[in-house]
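Colleague: predicted coordinates and the sequence they were generated for:
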Amino acid sequence: MKSFASGKIILFGEHAVVYNRPALAVPVTQVHADVEVLDSPHKGIFIHAPGIDLHAELNSLPADHPIASVILKLFQRFGISQNPNLEINISSTIPVASGLGSGAAVSVALIRALSSRLSHSLSDDEVNALAFEIEKLHHGTPSGIDNTVITYNKPIYFIKGQPIETLKVGKPFTIVIGDTGISAPTKESVGDVRLLWLRDTTNYESYFNEIAQIALVARRSIESGKPELLGELMDQNHALLQKLTVSSPELDKLVQAARNADALGAKLSGGGRGGNMIALADQAQAASVAQALMSAGAKRTIITEIA
Ligand code: PMV
């Protein structure tokens, strides 16, 4: 059994989404996690994930290991007490800890491939709920946006705990993603924002409200076929993320480089402090924006069309 799941990027609303404000996210199909589950002649469950240098039998891993915990949760869910003999191969082209959803994509692909092999079919809602449980194990207080956009593989408008809404894209638009190459655990930036919010609730609530307003206007712009309006909204959202203290000199440098290269707007994306930024560009300008990002120190870029 084989399954794969795309990466994702947050367009608007990161961090505020943890505090029940709306956020927008889209799949990034250029990068993906792939999982293959094979029957094995050997006793036990062998996991191979060369990208993270993992070659191990399930029982030799701690129960809270990100991959082991997915498998154990599924067995528990299906009432399986006797482990089948399996070989599980996991590979991924999604950079780790950079805001592209690598952990959630591996979870979703693994849940799908393994449940098919065990002849249990799961609905998207069930896959999403299980992937969210895994996210909670590893990320503290995640909003659930990563597992949701990756499970449904569509642009989404997301509010924590509410039924998912897919975004209708009125007119395609192009996003350039630039990677600082700095891996920055989302858990830490989310934890820091929480401390700052506790200390200065009034101001942080008002930043979150401003971000929510941007997400609302962005949704309207996307759905009504006016994506060119997103550039200015990205600039405004980035300024608010700076106030939340989650930008970094490297992110600011790439954001500025994109703007100088005639991007229509740019912002950091995801947890911040490192990881990725995004820029809105006319399709014809996208390659030169990507080039400008590389010259400003990006480790890699992805040009993706949202349609
Ligand atoms: O770093 P990422 O792309 O996984 O994004 C995290 C988004 C946050 O809003 C910062 C956290 C969350 O759980 O929504």
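Modeller: Good, I have the coordinates.
Colleague: residue boundaries of the helices in the protein?
Modeller: Secondary structure of the chain by DSSP state H: the helices cover 66-78, 102-117, 124-139, 145-152, 186-199, 201-223, 230-243, 249-260, 286-295.
Colleague: measure the closest residue to residue 22 other than its chain neighbours to residue 296 for me?
Modeller: Leaving out its chain neighbours, the residue that sits closest to residue 22 by Cβ to Cβ, 6 or more residues apart in numbering is residue 215, at 4.5 Å. Every C-beta, even on glycine, is put in place using the N, C-alpha and C of the backbone. Going from residue 215 to residue 296 by Cβ to Cβ, to the nearest Å gives 27 Å.
Colleague: check residue 278 too.
Modeller: Distance of residue 278 to residue 296, computed by Cβ to Cβ: 14 Å.
Colleague: ok, residue 215 - contacts?
Modeller: Residue 215 makes contacts with 12-13, 16, 21-24, 157, as judged by Cβ atoms under 8 Å, 6 or more residues apart in numbering.
Colleague: narrow these to those in strands?
Modeller: 12, 23-24, 157 (DSSP state E).
Colleague: that older thread, of the contacts of residue 215, which pair is most distant in space?
Modeller: Using Cβ to Cβ, the pair of the contacts of residue 215 lying farthest apart is 16 and 157, separated by 13.4 Å.
Colleague: circling back to that earlier point, quick one: which of the ones in strands among the contacts of residue 215 has the most company?
Modeller: Note: the member of these with the most neighbours is residue 12, at 29 neighbours, neighbours being other Cβ atoms under 10 Å.
Colleague: for the ligand, see how far away the residue nearest to residue 13 when sequence neighbours are not counted is.
Modeller: Using Cβ to Cβ, 6+ apart and skipping the chain neighbours, the partner closest in space to residue 13 is residue 23 (2.8 Å). Computed with Cβ to the nearest ligand atom, to the nearest Å, the distance linking residue 23 and the ligand is 7 Å.
Colleague: now residue 241: how far from the ligand?
Modeller: Distance of residue 241 to the ligand, given as Cβ to the nearest ligand atom: 9 Å.
Colleague: residue 278 and residue 296 - which one has more neighbours?
Modeller: Neighbours per residue (other Cβ under 10 Å) separate residue 278 from residue 296, with residue 278 holding more: 31 against 18.
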